[in-house]
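Novice: Following is a predicted model, sequence given first.
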Amino acid sequence: MIVIDPTSTTPPFEQLRLQVIDAVRNGELVPGARLPTVRRLADDLGLAPNTVARAYRELERDEVIETRGRHGSFIAATGDASQRQAQQAATAYAERVAQLGIAPGEALEIVTAALKPSPASAT
């Protein structure tokens, strides 16, 4: 299910992280589903264990997965929390630009410009 492209400019840990998030979003991985151990997944994907561990740490930080000690890592009950976190960030931004007196249209232009890839990331 997870495939790492060694020729990609995206680091392997990030490819893994994004693919797990996509699998949660499209229902391939459901809340409570157990993930392979770090070592097993590293072996399966031909990655260093630290690479998989970093992806798991970031997924846990983003509340996509939860680690239950020796029992392993599981898809969190909240599934993909990134949508909720994005909404919270958007709300905080909207409140701040209102405090600054910036019109909604101008605030949207600022966000749109910020979301465009930089020339350095396009290469």
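Specialist: Done, it's in.
Novice: what's the helix or strand of the chain with the lowest mean pLDDT in contact with?
Specialist: Within the chain, confidence by mean pLDDT, DSSP states H and E is lowest for helix 82-99 among all helices and strands, at a mean of 79. By C-beta atoms under 8 Å, 6 or more residues apart in numbering, the residues outside helix 82-99 that reach it are Ile21, Asp62, Glu63, Val64, Thr78, Pro104, Glu106, Ala107, Ile110, Val111. In this view, the C-beta of every residue, glycine as well, is placed from N, C-alpha and C.
Novice: Can you give me the neighbour number for the spatially closest residue to Ile75 that is not a sequence neighbour?
Specialist: Using C-beta to C-beta, 6 or more residues apart in numbering and skipping residues adjacent in sequence, the residue nearest Ile75 is Ala33, 4.6 Å away. By other C-beta atoms under 10 Å, 14 other residues sit near Ala33.
Novice: ok, Ala33 to Thr78 distance?
Specialist: For Ala33, the distance to Thr78 equals 13 Å [C-beta to C-beta, to the nearest Å].
Novice: can you pick the most crowded of the contacts of helix 82-99?
Specialist: Neighbour counts for the contacts of helix 82-99 peak at Val64, which has 23 neighbours (criterion: other C-beta under 10 Å).
Novice: So which of the contacts of helix 82-99 are in helices?
Specialist: Ile21, Pro104, Glu106, Ala107, Ile110, Val111 (DSSP state H).
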